[in-house]
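Student: Okay, here's the prediction I keep looking at, along with the sequence it came from:
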Amino acid sequence: QLQSFETELSVPMLAEKEGGSNTCRGVFIRAPAILEVGQDVEVLADCPVPAGRPSITITSGEGLEDQVYSKDRVIVAVRQGNILATAFHPELTSDSRWHRVFLDMDKESQAKALAALSLSASSNDADVGSKNKAPDLPIFE
C-alpha cells in the first residue's frame, strides 16, 4: 500500500446537490484510475497525478507489454444513469454527501419507475379489454 494517499478533490456537484464545500477528502488505497469515459458518462471528479508519478503504468498480467499513460489528471468519480463509481473510498471519511447522492439516485430511479408504470397503466386502460392485463414492467437505461 505504498501508493495509497489522501487528497482534497474539487467536486462542485456535491455542493450543488448536498450543500457544503466544493471539495471533499479523497482516500485512495491502491486506487484505480479512470482513463477514458464514453459520451453518456458524467465526470464528477478528477485528481492530479501525484508528484513524482508523471505517468500511469498498466500491467496486463498476461505477459503483454505494459501500457503507459502520461496524464496530469485522472478521472476518479463518474456517473452513468443510475450507476455511480469512485476510485477512492468515500466511506472512510466523515463526509456523508457521496452516500446521500447515491441514495438520491435510487429515489430518482424509483420515480422514473413509478412514472413508467403510470404511463403503462394509462395506455393499458385505453385499450379495449385490457383491464385484466398486468402492466408492463418499465425498462431502465
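Tutor: The structure has been received and is ready for your questions.

Student: for the residue nearest to residue 86 when sequence neighbours are not counted, which residues make a bridge with it?
Tutor: Nearest non-adjacent residue to residue 86, counting by CB to CB, 6 or more residues apart in numbering: residue 77, 4.7 Å away. Any C-beta I mention is one placed from the backbone N, CA and C, and that applies to glycine too. As for beta bridges, residue 77 partners with residue 45, residue 86 under DSSP bridges.

Student: what ranges do the strands span in the protein?
Tutor: 5-10, 23-28, 42-48, 56-58, 67-69, 73-80, 83-86 (DSSP state E).

Student: which strands and helices sit next to the third one?
Tutor: This means strand 42-48. Applying 3 or more CB pairs under 8 Å, 6 or more residues apart in numbering; DSSP states H and E, one finds that strand 42-48 makes contact with strand 5-10, strand 23-28, strand 73-80.

Student: Need the residues that contact the first one.
Tutor: The one in question is strand 5-10. With contacts defined as CB atoms under 8 Å, 6 or more residues apart in numbering, strand 5-10 is touched by 22-28, 45, 47-48, 50, 76-77, 88.

Student: the inter-axis angle of that strand versus strand 42-48?
Tutor: If you take axes from the mean of the first three to the mean of the last three CA atoms, to 10 degrees, strand 5-10 sits at 130 degrees to strand 42-48.

Student: Identify the neighbouring strands of strand 5-10 in the sheet and state each direction.
Tutor: Looking at strand 5-10 with DSSP bridges, its partner strands are strand 23-28 (antiparallel).

Student: Give me the residues contacting the partner strand.
Tutor: Around strand 23-28, the neighbours that count as contacts under CB under 8 Å, 6+ apart are 4-11, 14, 45, 47, 76, 87-90, 92-93, 95, 97-98.

Student: So among the residues you listed, which ones count as buried?
Tutor: Among the contacts of strand 23-28, those buried by neighbour count (16 or more other CB atoms under 10 Å) are 9, 11, 14, 45, 47, 76, 87-90, 95, 97-98.
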